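Trainee: sequence and predicted model, in that order:
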Amino acid sequence: MKITQIVLASRPNGLPVLENFRTEEKELKSINEGEVLLGACFFSVDPYMRGRMNDSKSYAASYELNNPIVGACVARVIESRSPGFTIGDFVVGYLPWATNSIAKAEALRKIDTHLAPLSYNLGILGMPGLTAYFGMTEICKPKAGETVVISGAAGAVGIVAGQIAKLREAYVVGIAGTDEKCKLLKEQFGFDEAINYKTLQLTDKIIAGICPKGVDAYYDNVGGEISSSVFANLNFHSRVAVCGQISQYNRLKPAIVPTILPEILTKSILVQGFIVGNFSSRFGEGFAHLTQWVKEGKLKYKETIVQGFDKLPEAFLDLFSGKNLGKMIIEVG
């Protein structure tokens, strides 16, 4: 079988460009015992993938040059040599950017197609949803009446994190990059307030005016100057979940921002960085809660769906200019 795949052609220097990717054709071998042949349906693009394009040590292995990019994918079983899967099953797994691929059965999870749209398994019922769940419930731990601030609030993780905080009866403030996103956060997802950081330059005083009682929990997806302004307003014994630093991923030099260590010391602030894999033994718990809340209508979701396998690199780059509302998904077609 001849397939099309997208490989890492070169490592980016700062912001990635289309030239860092290359599309090529490849002949796919026959499948072995315990494997399945898959046809890709939906791909996820996520900010963490930028770090894997570098040749540096991190929590996930670097992508290899001239090999396919790998990411979360919903696919359909075309051929199976595993008793656990039959032709027509839909699965989710970490697969190469390819129109078709072969995977070991144990690396895949079968999808219940009756629960939600297939693409939700890459978002609210996938890694982003679990990330929001554990970051909010295990680190931020909001209580009724507390103030919670979320940066990157209109992204795949931030939308879910904010709604979970609302389920805990917190006062929730989202930070996003357009008026449209801010309106969406308040009208569709129940945020109490939303700030467009591109039109209202964030300062310590701006955050103080919107959060007059201070900030009890901060879910940080962006880092940089935005986080510095929030840190200046953190209350005693507040909690900070450091989930992402998208403002820093493409910088050639770190941003110069005020140090946060004195705030952490004098206010006894808990700051914890995490990746969702830290909670892998509890994924079943998180998935059960998210699924139930979606079924009950307590959690809503938003996707930006781009059509066409060839649009994968462009959609990935669009993450860094904030063109997505909620989860960025590529539908292969």
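Mentor: It's in. Quantities reported herein were computed from a predicted structural model and do not represent experimental measurements.

Trainee: poorly predicted segments of this protein, please.
Mentor: The chain contains residues with pLDDT under 70 at 252, 254-258.

Trainee: domain parsing for it?
Mentor: Using automatic domain parsing, the domain parsing of the chain gives 2-122+302-331, 127-277.

Trainee: let's have those in JSON lines, adding distance to Gln292 and mean neighbour count.
Mentor: (Each C-beta comes from the backbone N, C-alpha and C, glycine too.) Putting the domains of the chain into JSON lines (distance: least, Cβ to Cβ, whole Å; neighbours: other Cβ atoms under 10 Å) gives the following:
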{"stretch": "domain 2-122+302-331", "distance to Gln292": "10", "mean neighbour count": "17"}
{"stretch": "domain 127-277", "distance to Gln292": "11", "mean neighbour count": "20"}
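
Trainee: distance to Thr291 added to the ones you listed, as JSON lines?
Mentor: What follows is the domains of the chain, written out as JSON lines (distance: least, Cβ to Cβ, whole Å):
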{"stretch": "domain 2-122+302-331", "distance to Thr291": "6"}
{"stretch": "domain 127-277", "distance to Thr291": "9"}
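
Trainee: nearest to Trp293, of these?
Mentor: Trp293 sits nearest to domain 127-277 of all the domains of the chain, at 7.4 Å, using Cβ to Cβ.

Trainee: span of that closest one from start to end?
Mentor: Domain 127-277 has its terminal residues 9 Å apart, counting by Cα to Cα, to the nearest Å.

Trainee: measure how far that domain is from the centre of its chain, please.
Mentor: Remark: domain 127-277 is offset 15 Å from the chain centroid, using Cα atoms, centre = their mean, to the nearest Å.

Trainee: quick check: which of the domains of the chain is nearest to Glu285?
Mentor: domain 127-277 (8.7 Å).

Trainee: and the helices in the stretch 101-250 of the chain, which stretches?
Mentor: 127-134, 156-167, 179-187, 204-210, 224-231 (DSSP state H, counting those that start in this stretch).

Trainee: who are the packing partners of the fourth one?
Mentor: To tie it back to what came earlier, the one meant is helix 204-210. strand 193-196, helix 224-231 (3 or more Cβ pairs under 8 Å, 6 or more residues apart in numbering; DSSP states H and E).

Trainee: what lies in contact with that helix?
Mentor: 149, 173, 193, 195, 200, 214-215, 229-230, 232-233 (Cβ atoms under 8 Å, 6 or more residues apart in numbering).

Trainee: which of the residues you listed sit farthest apart?
Mentor: Leu200 and Gly214 (19.2 Å).

Trainee: quick revisit: nearest to Phe287, of the domains of the chain?
Mentor: domain 127-277 (7.0 Å).

Trainee: next, work out how far apart Phe309 and Gly277 are.
Mentor: In this view, Phe309 and Gly277 are 27 Å apart by Cβ to Cβ, to the nearest Å.

Trainee: pull the contacting residues for the spatially most central residue of the chain.
Mentor: With distances taken as Cα atoms, centre = their mean, Pro128 lies nearest the centre of the chain, 4.3 Å away. Listed by Cβ under 8 Å, 6+ apart, the contact partners of Pro128 are 46, 122, 156-157, 160, 327.

Trainee: Ala217 reaches Ser238, doesn't it?
Mentor: Yes: contact criterion Cβ atoms under 8 Å: Ala217 and Ser238 qualify, at 6.2 Å.

Trainee: relative to Ile87, how far out is the spatially closest residue to Ser82 that is not a sequence neighbour?
Mentor: For Ser82, ignoring the flanking residues on the chain, the nearest one in space by Cβ to Cβ, 6 or more residues apart in numbering is Ala105 at 3.6 Å. Distance, Ala105 to Ile87, by Cβ to Cβ: 14 Å.

Trainee: I figured Ile246 hits Tyr48, correct?
Mentor: No: between Ile246 and Tyr48 there is no contact, the gap being 9.3 Å when judged by Cβ under 8 Å.

Trainee: taking the contacts of Pro128, tell me the two that lie furthest apart.
Mentor: Asp46 and Val160 (13.8 Å).

Trainee: for Val294, which non-adjacent residue is spatially closest?
Mentor: That would be Ala116: by Cβ to Cβ, 6+ apart, it lies 6.0 Å from Val294.

Trainee: so who does that neighbour touch?
Mentor: 124-125, 291, 294 are the contacts of Ala116 under Cβ under 8 Å, 6+ apart.

Trainee: overlap in contacts of Ile246 and Tyr48?
Mentor: By Cβ under 8 Å, 6+ apart, no residue touches both Ile246 and Tyr48.

Trainee: for the contacts of Pro128, which one is nearest Ser80?
Mentor: Leu122 (21.9 Å).

Trainee: could I get the phi/psi values of the closest residue to that closest one other than its chain neighbours?
Mentor: Of all residues not flanking Leu122 in the chain, Ser44 sits nearest, at 4.0 Å (Cβ to Cβ, 6+ apart). Dihedral pair for Ser44: phi -100, psi 140, per degrees, to the nearest 10.
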